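Peer 1: generate a structure from the sequence data that follows.
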Amino acid sequence: MTIDHIDLSRVDLNLLVALDAMLAERSVTRAAARIGVGQSAMSSSLARLRRLFDDELLTRAPDGMRPTPRALALVEPVRAALRQIQAIVRREAAFDPATTERTFTVSLPDSTEVLLGPRLLGYLRAEAPGIRLLLRSVDRTHILEELDADRVDLAIGFGFEGQTHHKQRLLYRDTYVCLFDAGQVGLVPPISLDDYLRFPHILTSLRETAHGVVDDALAKIGRARTLALTTPRFLVVPFLVRAAPVITTMHARLATYFADALGLTVSPAPVALEEVAVSMLWHTSYDDDPAHRWLRQVLVRLAGEAAEAERL
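Peer 2: I've put the predicted structure just below:
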């Protein structure tokens with residue numbers, strides 16, 4: 001499409017920055033703080049945007065500002081346009097990890113942080129000291145919204161169901177095993193299903209529900225287990241297991257790490273459980289961003305190196 005320079009010159013492109021911030025924050029006040037202007041200036045931008053698009057764009061609601069259908073349709077094209085402009089201005093084609101200064105916000109479960117965090121930090125300090133990480137717990141309920149609002153650059157986890165404007169790449173696969181204190185439960189691997197169900201269990205659930213993949217698998221064979229405790233944090237589980245005669249079922253790589261560090265025992269799970277795929281998820285607007293692409297490639301490489309080291 002031919003660019004109408006005269007018509008486009010009448011538009012203040014800073015308005016698109018303001019619009020993107022308001023659509024992400026759903027608040028004039030928060031949007032103003034996000035881009036570093038006063039609230040009155042942001043309100044003025046909203047008024048100009050309403051005239052430009054001949055639409056209210058954002059209307060007041062009990063829970064904040066609610067985007068109109070027209071505003072929702074603008075979210076993706078406006079974000080894509082701003083990404084392209086930013087790439088041109090920053091000259092990101094010349095991205096150099098050794099000199100670039102940038103902060104990435106990454107959402108991930110603490111289990112993956114244990115397995116990859118130390119390797120990633122060591123690599124960044126040696127090869128890209130200006131790259132900083134802001135790590136956050138992943139919330140699968142709201143992660144798509146956080147990616148779309150540009151509050152998160154990259155999500156790592158399992159069970160993601162992205163939309164057409166999200167990209168996903170596998171990091172590694174894992175299986176499930178049981179973890180327990182052999183001295184307290186008096187079992188040696190491999191444990192039987194009856195022994196497995198004879199003791200109460202610890203469940204790690206990021207969804208804050210007392211039901212997991214093990215319960216689904218047991219229900220298929222007409223069995224059930226007793227839960228002693230449910231927690232959203234993987235890192236506390238080995239200490240709970242070491243404190244009482246209980247059993248937990250968790251990802252094999254993390255369970256093996258804990259067993260070696262704390263003198264616990266692992267055993268194959270005596271119930272059929274599907275393999276878990278841990279993946280990265282990001283917004284497609286970052287797909288060609290050189291720094292973002294570099295970080296994704298680093299994570300894939302480090303995940304492969306970690307898996308290879310565990311096999312040795």
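Peer 1: switch to C-alpha atoms for all contacts and neighbour counts from now on
Peer 2: Will do.
Peer 1: residues near Asp20, how many?
Peer 2: By other C-alpha atoms under 10 Å, 22 other residues sit near Asp20.
Peer 1: do a quick rundown of the helices in the stretch 1-150 of the chain.
Peer 2: 5-9, 14-25, 28-35, 39-53, 69-90, 110-127, 143-148 (DSSP state H, counting those that start in this stretch).
Peer 1: with distance to Leu135 and mean pLDDT as extra columns, can I get these in a markdown table?
Peer 2: Output for these, formatted as a markdown table (distance: least, C-alpha to C-alpha, whole Å; pLDDT from 0 to 100):
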| stretch | distance to Leu135 | mean pLDDT |
| --- | --- | --- |
| helix 5-9 | 40 | 64 |
| helix 14-25 | 20 | 88 |
| helix 28-35 | 19 | 89 |
| helix 39-53 | 29 | 89 |
| helix 69-90 | 23 | 80 |
| helix 110-127 | 9 | 94 |
| helix 143-148 | 14 | 89 |
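Peer 1: Arg242 is nearest to which of those?
Peer 2: Set against Arg242 and scored by C-alpha to C-alpha, the helices of the stretch 1-150 of the chain come closest in helix 110-127, at 17.9 Å.
Peer 1: thinking again about what came up before, and the helices of the stretch 1-150 of the chain as TSV, adding distance to Arg223?
Peer 2: Formatted as TSV, the helices of the stretch 1-150 of the chain follow (distance: least, C-alpha to C-alpha, whole Å):
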stretch	distance to Arg223
helix 5-9	67
helix 14-25	46
helix 28-35	51
helix 39-53	58
helix 69-90	47
helix 110-127	28
helix 143-148	33
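Peer 1: of all these, which one is nearest His211?
Peer 2: The nearest among those, by C-alpha to C-alpha, is helix 110-127 at 18.7 Å.
Peer 1: run through the neighbouring helices and strands of the closest one.
Peer 2: helix 252-262, helix 290-311 (3 or more C-alpha pairs under 8 Å, 6 or more residues apart in numbering; DSSP states H and E).
Peer 1: pick the most deeply packed of those.
Peer 2: Comparing the helices and strands packed on helix 110-127 by mean neighbour count (mean count of other C-alpha atoms under 10 Å), helix 252-262 ranks first with a mean of 17.
Peer 1: what helices or strands is that one leaning on?
Peer 2: helix 110-127, strand 176-180, strand 265-268.
Peer 1: contacts for that helix?
Peer 2: With contacts defined as C-alpha atoms under 8 Å, 6 or more residues apart in numbering, helix 252-262 is touched by 111, 114-115, 174-179, 238, 264-266.
Peer 1: tilt between it and helix 110-127?
Peer 2: 80 degrees (axes from the mean of the first three to the mean of the last three C-alpha atoms, to 10 degrees).
Peer 1: got the angle for helix 252-262 vs helix 290-311?
Peer 2: Using the same axes, to 10 degrees: helix 252-262 against helix 290-311 is 60 degrees.
Peer 1: quick check: angle from helix 252-262 to strand 176-180?
Peer 2: 20 degrees.
Peer 1: quick one: mean pLDDT over helix 252-262.
Peer 2: In this model, helix 252-262 has an average pLDDT of 93.
Peer 1: same thing with stretch 289-308?
Peer 2: 91.
Peer 1: send the alpha carbons of it over as CSV?
Peer 2: In CSV, the C-alpha atoms belonging to stretch 289-308 read as follows (Å, rounded to 0.1, in the frame of the first residue of the first chain):
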residue,chain,number,x,y,z
ASP,A,289,13.7,-8.9,18.0
PRO,A,290,17.4,-9.8,17.9
ALA,A,291,18.0,-9.6,21.7
HIS,A,292,14.9,-11.6,22.5
ARG,A,293,15.7,-14.2,19.8
TRP,A,294,19.3,-14.4,21.2
LEU,A,295,17.9,-15.1,24.8
ARG,A,296,15.6,-17.8,23.5
GLN,A,297,18.5,-19.5,21.6
VAL,A,298,20.7,-19.3,24.8
LEU,A,299,17.9,-21.0,26.8
VAL,A,300,17.5,-23.8,24.3
ARG,A,301,21.3,-24.4,24.3
LEU,A,302,21.6,-24.3,28.1
ALA,A,303,18.6,-26.6,28.5
GLY,A,304,20.3,-29.1,26.1
GLU,A,305,23.6,-28.8,28.0
ALA,A,306,21.9,-29.4,31.3
ALA,A,307,20.1,-32.5,30.0
GLU,A,308,23.4,-33.9,28.6
